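**Q** Just to be clear, the model below is a prediction. Sequence and coordinates:
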Amino acid sequence: MPALKTRGTLRAIGTVAVAVAVAALLTAGCAHAPSINVLGAYFPDWLFCIVAGVILTIVVYLVLARVPGGQRFGPPALVYPALVTLLALVVWLIFFQQ
């Protein structure tokens, strides 16, 4: 019977070790708060990325409005939010990756 108690104890220790390892991996990204100091107030990086994505999308829209055939893209309700997301992520990759 001692072998059964040992197996159960080892299984419990293994479960706890896995839980601790998963918790350590999940909290590893919390070491640095990605924020920018603007006149004494801290703003998150993603806020600047979204603003840049919207501004760049407006620029793309204005360029496409003047080019013949620029209205051939899919439905604007799908294309422009996807373009904002794409440009915001590109700005984040370029400027805010360490």
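**A** All right, it came through fine. Numbers count the residues shown, from 1 in each chain.

**Q** Low-confidence ranges, this structure, go.
**A** 1-12, 14, 27-35, 98 (pLDDT under 70).

**Q** try 80
**A** Applying pLDDT under 80 to the chain flags the ranges 1-17, 19-44, 69-73, 96-98.

**Q** domain ranges for this structure?
**A** 1-31, 32-98 (automatic domain parsing).

**Q** what about Leu26, how many residues close to it?
**A** 9 (other CB atoms under 10 Å). C-beta here means a position set from N, CA and C on the backbone, and glycine is covered the same way.

**Q** Let me know the helix or strand that it is in.
**A** Per DSSP states H and E, Leu26 falls inside helix 2-27.

**Q** Name the next helix or strand downstream of that helix, please.
**A** strand 35-38.

**Q** Flag every buried residue along that following strand.
**A** In terms of neighbour count (16 or more other CB atoms under 10 Å), strand 35-38 has no buried residues at all.

**Q** That one pairs with which strands?
**A** Applying DSSP bridges, strand 35-38 is found paired with strand 41-44 (antiparallel).

**Q** how far does the partner strand sit from the chain's center?
**A** Its chain's C-alpha centre and that of strand 41-44 lie 17 Å apart, by CA atoms, centre = their mean, to the nearest Å.
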